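Chemist: sharing a model that was predicted from the sequence below.
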Amino acid sequence: GLRILAQMPSGQTTPDAVSYTSAISACERALEWKQAVALLEAMKLQRIQPSVLCYGAAIGAGHWLMAFQLLEAMKADRLQPS
């Protein structure tokens, strides 16, 4: 899953919000919070606005301190946590 996402920019398909959300959700299930946060940052670099679902999945991936930072980032992106 994540390997396919990483290879997308070099191919004919570019990652979009749906593919990033799916990848971040996979990170949540695997408790891979560092990878989830890295994907959120990659979204922003590609000028793709992370959704509440993206942030929620990244928060659910684990690390409590990062969860607080992600909540603040949601507020900066004008998203309301659900």
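Modeler: Thanks, I have the structure now.

Chemist: what is the neighbour count of the closest residue to Ala61 other than its chain neighbours?
Modeler: Distances taken as C-beta to C-beta, 6 or more residues apart in numbering put Trp33 closest to Ala61, at 3.9 Å, once the chain neighbours are dropped. (Each C-beta comes from the backbone N, C-alpha and C, glycine too.) Neighbour count for Trp33, taken as other C-beta atoms under 10 Å: 21.

Chemist: gap between Trp33 and Cys27?
Modeler: Trp33 sits 7 Å away from Cys27, going by C-beta to C-beta, to the nearest Å.

Chemist: with Ala17 instead?
Modeler: Distance of Ala17 to Cys27, computed by C-beta to C-beta: 15 Å.

Chemist: pick out whichever of these two has more residues nearby.
Modeler: Ranked by neighbour count (other C-beta under 10 Å), Ala17 and Cys27 place Cys27 first, with 25 against 15.

Chemist: skipping adjacent residues, who's closest to that one in space?
Modeler: Nearest residue to Cys27, sequence neighbours excluded (C-beta to C-beta, 6+ apart): Ala36, at 3.8 Å.

Chemist: many thanks, we can stop here.
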